[in-house]
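>>> have a look; sequence and predicted model below, questions after that.
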Amino acid sequence: MAHREGLVCLDVGERRIGVAIGDTRIKIAVPYDTFEVDGTEVRQIAELVVRESATKIVVGYPRNQQGEATAQSEYVEAFASLLEDISTVVFQDESLTSVMAENRLKARGKSYQKGDIDKEAAAIILQDYIEENYAE
């Protein structure tokens, strides 16, 4: 049986961070929660990493339509640098994940809020990471 690695994924925004969790054995990413950016977010992420026995924090990396880094990319890089003492940080392209997340939520036919989009986007980013790095 494959060795299990816990993963925490973040869709970093300036007001809110979408969070998903998953592991490399079952290869399914699950929307978890959103953390407000209020000064406690790094501690909350650290606590989640411990609780999930996560070996990596996957951070969604924004790019423009030409695939280039943006001002938001710089913000995400700076935020990710705060997490390096907690766990290994890796980046995963997050292009169009918010659009995909919103489409998924609409398809379910229930009402949803912006935070739901953020955590669903984090799950899509994490699923992409798992599929690219842990496919059998």
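Here it is on my side, so go on. Numbering: from 1, shown residues only.

>>> which helix in the protein has the most residues?
With secondary structure taken from DSSP state H, the chain has its longest helix at helix 114-133.

>>> packing partners for it?
strand 6-12, strand 16-23, strand 29-36, strand 54-61, strand 88-93, helix 97-108 (3 or more C-beta pairs under 8 Å, 6 or more residues apart in numbering; DSSP states H and E). The way it works is simple: take the backbone N, C-alpha and C, and place the C-beta from them, glycine included.

>>> surely Val12 touches Glu77?
No. Using C-beta atoms under 8 Å, Val12 is not in contact with Glu77, being 9.6 Å away.

>>> so for the two, which sits in the more crowded spot?
Neighbour count, other C-beta atoms under 10 Å: between Val12 and Glu77, Val12 has more, with 26 against 15.

>>> tell me what that one is bridged to.
Under DSSP bridges, the beta-bridge partners of Val12 are Ile17.

>>> measure it to Ser53 for me?
22 Å (C-beta to C-beta, to the nearest Å).

>>> equivalent analysis for Tyr134, please.
From Tyr134 to Ser53 the distance is 16 Å (C-beta to C-beta).

>>> and those two? which has more neighbours close in?
Tyr134 (15 against 10).

>>> any stretches of this protein with poor pLDDT?
Along the chain, the model assigns pLDDT under 70 to residues 1-3, 136.

>>> what about Gly6, neighbour count?
19.

>>> ok, now which ones touch it?
Ile21, Gly22, Asp23, Glu52, Ser53, Ala54, Thr55 (C-beta atoms under 8 Å, 6 or more residues apart in numbering).
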